[in-house]
Each structure stands twice: as structure tokens, then as C-alpha cells.
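Trainee: here are the coordinates; sequence isn't available:
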Ligand SMILES: [Fe+2]
């Protein structure tokens, strides 16, 4: 397969997982992301791995929602995304879309070949197809995350990584333990610390693990591939946060350090794994929090969906809880 990375320097490879990187790729030159290809993905992808979401119109208010496809065929769904206010996530592309999987593994292998410090284990990939003005709220991703932008234009804000002012220890513990989704408390005054990028098709944007970020689409039907991976250090980083969670919740002993190297980090990883194992043994495994279904797709509506009445209370309660932790250490 011809190289899918374009004009990468040794500094680009060296920056992977260590800093914020913008670099070029050739995914947009393949025929894997045309309207027809997207419709075929929608029609072949397992329903349980096709996330249907919307974000609300006002950026002042957190209003992320999950919805039901309501039987809409693939080609019509592409058109509804182009004209409406929708954000679709085809999860587990490596498992269910073999042609895309070949290309994605090839990308990872090029990265591993170019950067000696870089290994991509536990690989996953999500294809994000979203409306011209939809947006994704401030959040973190637990694995190492890379955004390969392919169609449309988006603006991304990336906030300082490993900095507790933007995602406190208490917040990351809740996310990594699965108690919360990856949406974390946000204060607009933090924007002055963010790096802001207008991301064009053919650009990759990536950042260190758990760096908070948010994205707004600015033009056109947007298509991006979001790849995720882990490696021993990335797994340890998550286990440090779940180890801290275990110490705080089980023993009332909050630990402020989020260091990923050294004896304490390895001890927290051990504690976290033992806690998970014991949880499994007693059938108390924590499930990752998921959004309830609060809308259905509807081609007759201008934004492509209508809300389901009477399921609002649970969602609002979770958002209020999250707001209480803004600023918590
Ligand atoms: Fe993300």
C-alpha cells in the first residue's frame, strides 16, 4: 500500500503522544469516504456500534444527546447529516469495515516504523460523520486519540495536557473509573489557554492522552477518522487515575499525584487491577456510563430529528452533578 502519511519530518514522529501535532495524510485521496462509501458503511454497520448524536444549538448549554436511527437508510442519512444538526459515530471500524481496517492498520504501522517510542496496541477506530454546524463539547478521550480529518472544515480547541486546572484529579478519576462519560466540566475562561486549529481535509491533529479538547464544525459535511490506541504507558496512565479513585472511594484517601512513572504509579496500577479483578469476581464490574436515547431521527424535521418526550430528568441530573465538580481538585 502506498504511504498514507504526507511529508512527515522526524520531529513530527517524535512529537507523537508527547505534544500537540498537526501533520498531513492522504486518506482523503482514497475512495473510502465518498457519499456512496458512507451510505454503504451506514447500511452494513451493526446498529449497536452506530452512535447517533446531536449537540443542541446553543453552545452556552451542554445538551449532548443520543438518538435512535428509526430505520433511516444509509443514503438518506448522509443527506440528513449534510442538511441537519447530527453527529454520527461508526464505532469499531476495524472490526466491521475490512477495507477501512486495512488502511487504518497501515497508518498505525507507518507511525510505529517512523517513531521508535511509539507503539499502538488495543487499536480502535471510529468514523465521525457530522453536520456543517454541529459541535462536540469539551471532553477527554481515555485512550491515545488521533483525529484524521478527511472532509469539511472544523475548528478544534486543545487545552494543556496533564494539567489539573483543565481536568482535575477528581474529574479524571470519575471518567477513568467509568462513573462518568468522557464529557468533563468546562469553563469558557479556559479558552485563553487553548491551542486553536482550523483543521483542513488531509490534516491529522493529535495530542497527548487525556488532553481536554472540543471541536466545532465550521463548513460542509465533516468526515473524520478518530483512531485510538493504548500501550503499556497509556494503560498505566488510566490505571493511575482508577487507582486514585479506588484509594479515594474505598479508603477515603485522596491522592493528588497523577504521575505515570515511578514506584507509586506502578503500585496504583496494581491496586487498580486487583480492584477490577475483585469487582469481576463478585459481579460488581463497573459499566461505562452511556447517554440515554432522547431523540429519534426524522427526515421531515429541519435538523433531522425530533425529541422523545418524558426522558429529560435523568439526563439533567447527571449534568448537574458534573457542574458541581467544576474546579474540584
Ligand atoms: Fe475526542
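Mentor: Good, I have the coordinates. Fair warning: this is a prediction, and the values are worked out from it, not measured in the lab.

Trainee: So residue 294 sits against residue 309, correct?
Mentor: No: using Cβ atoms under 8 Å, residue 294 is not in contact with residue 309; the gap is 9.5 Å. All C-beta spots, glycine's among them, are computed from the backbone N, C-alpha and C.

Trainee: any common contacting residues for these two?
Mentor: Common contacts of residue 294 and residue 309 (Cβ atoms under 8 Å, 6 or more residues apart in numbering): none found.

Trainee: Looking at those two, which is more packed in?
Mentor: residue 294 (21 against 7; other Cβ atoms under 10 Å).

Trainee: where exactly do the strands run in the stretch 201-329 of the chain?
Mentor: Ranges of strands in the stretch 201-329 of the chain, per DSSP state E, counting those that start in this stretch, are 203-206, 213-230, 293-297, 305-307.

Trainee: Please enumerate the helices of this protein.
Mentor: 10-15, 35-44, 74-83, 93-96, 98-114, 169-176, 232-251, 263-281, 312-324 (DSSP state H).

Trainee: Could you identify which of the ones you listed has the lowest mean pLDDT?
Mentor: For these, mean pLDDT drops lowest on helix 312-324, to a mean of 57.

Trainee: which ones are touching residue 5?
Mentor: Counting by Cβ under 8 Å, 6+ apart, residue 5 has contacts 23, 24, 25, 26, 107, 110, 111, 114.

Trainee: which residues does the last one contact?
Mentor: Just to be clear, that refers to residue 114. Per Cβ under 8 Å, 6+ apart, neighbours of residue 114: 5, 8, 10, 13.

Trainee: Relative to residue 209, how far out is it?
Mentor: The spacing between residue 114 and residue 209, counted by Cβ to Cβ, to the nearest Å, is 19 Å.

Trainee: The first one too?
Mentor: For residue 23, the distance to residue 209 under the criterion Cβ to Cβ works out to 18 Å.

Trainee: ditto for the second one
Mentor: In this view, residue 24 and residue 209 are 23 Å apart by Cβ to Cβ.

Trainee: Mind checking which of these two has more residues around it?
Mentor: residue 209 (22 against 14).

Trainee: That one against residue 240, yeah?
Mentor: No: using Cβ under 8 Å, residue 209 is not in contact with residue 240, being 11.2 Å away.

Trainee: hmm, which of the contacts of residue 114 are the buried ones?
Mentor: 5, 8, 13 (16 or more other Cβ atoms under 10 Å).

Trainee: okay, those residues in TSV with distance to residue 253 next?
Mentor: Below are the buried ones among the contacts of residue 114 laid out as TSV (distance: Cβ to Cβ, whole Å):
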residue	distance to residue 253
5	45
8	45
13	40
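
Trainee: Would you format the strands of the stretch 201-329 of the chain as JSON lines with distance to residue 262 included?
Mentor: Below are the strands of the stretch 201-329 of the chain laid out as JSON lines (distance: least, Cβ to Cβ, whole Å):
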{"stretch": "strand 203-206", "distance to residue 262": "26"}
{"stretch": "strand 213-230", "distance to residue 262": "20"}
{"stretch": "strand 293-297", "distance to residue 262": "44"}
{"stretch": "strand 305-307", "distance to residue 262": "48"}
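
Trainee: For residue 119, find the nearest of these.
Mentor: strand 213-230 (8.1 Å; Cβ to Cβ).

Trainee: Next, the contact list for the residue nearest in space to the middle of the chain, please.
Mentor: The centroid of the chain falls nearest to residue 141 when counting by Cα atoms, centre = their mean (4.6 Å). Shown in contact with residue 141 (Cβ under 8 Å, 6+ apart): 182, 209, 210, 226, 228.

Trainee: let's see 10 Å
Mentor: 126, 147, 175, 182, 207, 209, 210, 211, 212, 213, 226, 228 (Cβ atoms under 10 Å, 6 or more residues apart in numbering).

Trainee: Residue 309 now?
Mentor: So residue 309 contacts residue 294 (Cβ under 10 Å, 6+ apart).

Trainee: same deal with residue 228?
Mentor: Residue 228 touches 120, 122-126, 141-146, 209, 234, counting by Cβ under 10 Å, 6+ apart.

Trainee: Mind listing the residues bridging to it?
Mentor: residue 124, residue 145 (DSSP bridges).

Trainee: For it, give its distance to residue 73.
Mentor: Where residue 73 is concerned, residue 228 sits at a distance of 29 Å (Cβ to Cβ).

Trainee: ok now do the residue with the largest distance to the centre of the chain, which residues does it touch?
Mentor: Most distant residue from the mean C-alpha position of the chain: residue 251, 31.0 Å away (Cα atoms, centre = their mean). If you count contacts by Cβ under 10 Å, 6+ apart, residue 251 has them with residue 271.

Trainee: Out of the strands of the stretch 201-329 of the chain, which is closest to residue 273?
Mentor: strand 213-230 (14.2 Å).

Trainee: Just the angle for that closest one relative to helix 35-44, thanks.
Mentor: 60 degrees (axes from the mean of the first three to the mean of the last three Cα atoms, to 10 degrees).
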